[in-house]
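Asker: Sequence plus the predicted model coming up.
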Amino acid sequence: MKLSEICEKLNLECDIKQDIEIEGINTLQDANKKEISFLENPKYEKYLKDTKAAAVLIRKEDADKLPKDVIALITPEPYLKLALLTRYFVKDPWVDGGYKANESAKIDPSVRIGKGAKIGKNVIIMPNAVIGPNVEIDEGSVIYPNVTIYRDTKIGKNVTIHAGSVIGSDGFGYAHMKTGEHVKIYHLGRVVIEDDVEIGANTTVDRAVFGETKIKKGSKIDNLVQIGHNCEIGEYSILVSQVGLSGSTKLGRNVVMGGQSATAGHLEIAPFTTIAARGGVTKSIKEPGVYSGFPLMPHKTWLKLQGLLSRLLKKS
Amino acid sequence: MKLSEICEKLNLECDIKQDIEIEGINTLQDANKKEISFLENPKYEKYLKDTKAAAVLIRKEDADKLPKDVIALITPEPYLKLALLTRYFVKDPWVDGGYKANESAKIDPSVRIGKGAKIGKNVIIMPNAVIGPNVEIDEGSVIYPNVTIYRDTKIGKNVTIHAGSVIGSDGFGYAHMKTGEHVKIYHLGRVVIEDDVEIGANTTVDRAVFGETKIKKGSKIDNLVQIGHNCEIGEYSILVSQVGLSGSTKLGRNVVMGGQSATAGHLEIAPFTTIAARGGVTKSIKEPGVYSGFPLMPHKTWLKLQGLLSRLLKKS
Amino acid sequence: MKLSEICEKLNLECDIKQDIEIEGINTLQDANKKEISFLENPKYEKYLKDTKAAAVLIRKEDADKLPKDVIALITPEPYLKLALLTRYFVKDPWVDGGYKANESAKIDPSVRIGKGAKIGKNVIIMPNAVIGPNVEIDEGSVIYPNVTIYRDTKIGKNVTIHAGSVIGSDGFGYAHMKTGEHVKIYHLGRVVIEDDVEIGANTTVDRAVFGETKIKKGSKIDNLVQIGHNCEIGEYSILVSQVGLSGSTKLGRNVVMGGQSATAGHLEIAPFTTIAARGGVTKSIKEPGVYSGFPLMPHKTWLKLQGLLSRLLKKS
């Protein structure tokens, strides 16, 4: 889509000297010369000066911080405009057509597979699973019945996904209008699952806004777990049933999260950290250890707190 | 079904002067002249005097509060009798047969659609979704793979439902016998989803006992959320992943519920209220604001409480 | 598989006088003369002396506690070897082929049913459900759309399973290597659901490692509930939405678990106990009553604690 067309669709007054073809949307850090980016949250202002984006949706007062060759798309509401723009870059979630499957793959005749998908050696796909367009499933992976894998998802070797799980659904992201209405941010990224991962039943893993939600090698995820958009799960991590990870959270390797524990978004958990069952993580954890409670604290502190409360109760 | 037949099936001694055809069951407030109602909970006694029901399952001592033209079906266990009666009014959950789809709708050949369903303009229904009898899906809505929509559900325009979600399953309601056994209350109502709603993956929305479970215009619901029978979600509300709403709870417009927060049943939350992640709502909220914790309190109070506990721990 | 072959596959030096055919794996208590067992956790040492197993994976220092006719398979890591062994005894999760259905059963043509399954009188199976090999579904049971039932599951009479639920998926069990990698324990047991059970939408019930995960007669389970491997749910129990039960937990009859409540693994809850919403059970409950909170306490104590905290806050 031409940049001029974008300006027209978003109702922006743009002073474009040279019209260019825009191929996508991305973050300030990752955008290339054919992509549009945006700045809403001042936290990301530091990425302005080095961005490679063709053009950036930005407030008037921030525009002079952009490199000279980057076009400023001035708007008082960059995030809202971004949301409106995503709609034009989203691909059809379901497209029928040819796909490739290794002849050793066992695919039930009831399975539906979208255009351009690639199914590797000895892959097993059980009845009524749905594999979206352009999905890749590598050697030896096993997909149980009624699983849904959205388009562009990449699945490594020897991955197992149990029945009813959904991989690659849109993340939960909206821009909010002053009227109280919400404008959907279409999620243009994808999910990447590395080798030897196992995912339980009825678990959900959201695709990235841009880039990738990633589950690294050897991680094991139980039933009914929610993994938000743009999360990264480190190697050999363990997520017990009903865990919920908010968007853009990164777990290091061998993190263990107990049942019903959860995290806020945009935080990091150090490798080899254990979050006890029900623990609620609201800040990044830099020091590995065992943590409990909500708000989260070292497990030993949590035990002391329970002891204290118990003594206070007896006294009262 | 004739009223006399109902009395026989429920093993009630009824003094019926004029036998009538009963077409359904409903609450005291909503029942019409061809419907049966019931009174178990004294909380609803106030609706007795104005009920339009043809007949009411009621304890002997309450019977004289009924309008004169309403037949009293005397029983010491009105709720149990109600439960037993629902079975006779439930419709088949799956009936095959003709349905209507606008020629512009894209429906995958693997989709199963029940008798009498109506699929509007430009609706997309992806592989292996199941659309029950008499369901209506209006213009521009998108149903992802492996979604199940139970019979009689009504879906507005531009609604998106992600993979694996279940709309219209029976609510969790039983009458309990003295022996400890539970008698199922068949859910005779339905789910109504208004325009511009988005529902995430593997979320569940239960149908109403009678009447409607309603999700109003522009609300956005994340993955793995549970919405109980007869809930009403106000316009532009936001329910983050793993939220649980018990039955008959009403949210005003623009209510935000953080991840893993929950409510008890039969309560109301004022418009523009925010429940923080993990908040547990057990009473109605009349004053908009931000609330946290379980038991729920104003978020500022919750922060003070955490500070207090932290200080007490250091002292101890 | 011959015992000598097992030793070779597990890289164990075994002094086998008489080679035997091994037919399965089981616990020390339940293993028969054609099965292998293991001892990792000292808690189960007491079962060594009476085990009927053909051979036991065991540490050197424990081997002399075995009955004389039981072969010791000496290893410093019995649990890891067990995990590696399970792979050789697992059956194909999906096998196509003949199944038997009573002529009165209504099975949608889109339903896929595996080899050897038996479908009883008047059973209803709705579109796109998947019934694994060797599953038995008895008279009058109703399976909603997009349900997945894994192989060997046994379902009683008048059971209802709502859309999207997954019965019999692998439990969440791994042995852990010193490198931080996890070795899957293939789950060789099954799920048994007794008569008159109802299971809500998108709920997950894991199969047993060995033996059975059992849901007893008349229990009612809501949406999005997680039931771990080898759990036993007593008769007429009630599990409200988003409850999570860890593995090997046993509920007595008429236990009620409120919404989002949960249990740790390997514990027992006395009959007629109620766990309030959000309650977190970490120890066995021997005395019936109403319990709340996390850590769990009698509900009255929990109410006192909330009162105490409220008073402390006002004073501070």
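Answerer: It's in. Numbers count the residues shown, from 1 in each chain, chains lettered A, B, ... in the order given.
Asker: Neighbours of the residue lying closest to A:Gly98 once chain neighbours are set aside, how many?
Answerer: Nearest residue to A:Gly98, sequence neighbours excluded (Cβ to Cβ, 6 or more residues apart in numbering or on different chains): A:Lys115, at 6.4 Å. Bear in mind the C-beta positions are built from the backbone N, C-alpha and C, glycine included. Close neighbours of A:Lys115, defined as other Cβ atoms under 10 Å in any protein chain shown, add up to 15.
Asker: And the pLDDT at A:Lys115?
Answerer: A:Lys115 is assigned 98 on the pLDDT scale.
Asker: Contact residues of chain A facing chain C?
Answerer: A:108, A:110, A:124, A:126-128, A:142, A:144-146, A:160, A:162-164, A:198, A:200-202, A:218, A:220, A:222-224, A:235-236, A:238, A:240-242, A:253-254, A:259-260, A:277-278, A:306, A:309, A:312-313, A:316 (Cβ under 8 Å from any Cβ of the partner chain).
Asker: re the thing from before, so which strand or helix has the residue nearest to A:Gly98?
Answerer: Assigned by DSSP states H and E, A:Lys115 falls within no helix or strand.
Asker: Isn't it up against A:Val95?
Answerer: Yes. Assessed by Cβ atoms under 8 Å, A:Lys115 is found in contact with A:Val95 at 4.4 Å.
Asker: Could you tell me which residues of the stretch 101-250 of chain A lie near chain B?
Answerer: A:110, A:112, A:128, A:130, A:146-148, A:150, A:164-166, A:169-170, A:172, A:174, A:180-182, A:184, A:202-204, A:206, A:224, A:226, A:228, A:242, A:244, A:246.
Asker: One more pass at 7 Å, please.
Answerer: A:112, A:128, A:130, A:146, A:148, A:164, A:166, A:169-170, A:172, A:174, A:180-182, A:184, A:202, A:204, A:224, A:226, A:244, A:246 (Cβ under 7 Å from any Cβ of the partner chain).
Asker: Chain C versus A:Val183, what's the distance?
Answerer: A:Val183 sits 28 Å away from chain C, going by Cβ to the nearest Cβ, to the nearest Å.
Asker: wait, isn't that residue in contact with A:Met177?
Answerer: Yes. Judged on Cβ atoms under 7 Å, A:Val183 makes contact with A:Met177 at a distance of 6.5 Å.
Asker: on that earlier part again, common neighbours of A:Lys115 and A:Val95, please.
Answerer: Shared contacts of A:Lys115 and A:Val95 (Cβ atoms under 7 Å, 6 or more residues apart in numbering or on different chains): A:Pro133.
Asker: just to revisit the earlier point, what do A:Val183 and A:Met177 both touch?
Answerer: A:Leu80.
Asker: For these two, indicate the residue with more neighbours.
Answerer: Between A:Val183 and A:Met177, A:Val183 has the larger neighbour count (other Cβ under 10 Å), namely 18 against 14.
Asker: What's the PyMOL line that selects buried ones from the residues of chain A next to chain C?
Answerer: Entered in PyMOL, the line below selects the buried ones among those, by 16 or more other Cβ atoms under 10 Å in any protein chain shown:
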select buried, chain A and resi 108+110+124+126+127+128+142+144+145+146+160+162+163+164+198+200+201+202+218+220+222+223+224+235+236+238+240+241+242+253+254+259+260+277+278+306+309+313
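Asker: one step back: please pick the buried ones from the residues of the stretch 101-250 of chain A next to chain B.
Answerer: By neighbour count, with 16+ other Cβ under 10 Å, those hold A:112, A:128, A:130, A:146, A:148, A:164, A:166, A:169-170, A:172, A:174, A:182, A:184, A:202, A:204, A:224, A:226, A:244, A:246 as buried.
Asker: Alright, calling it a day.
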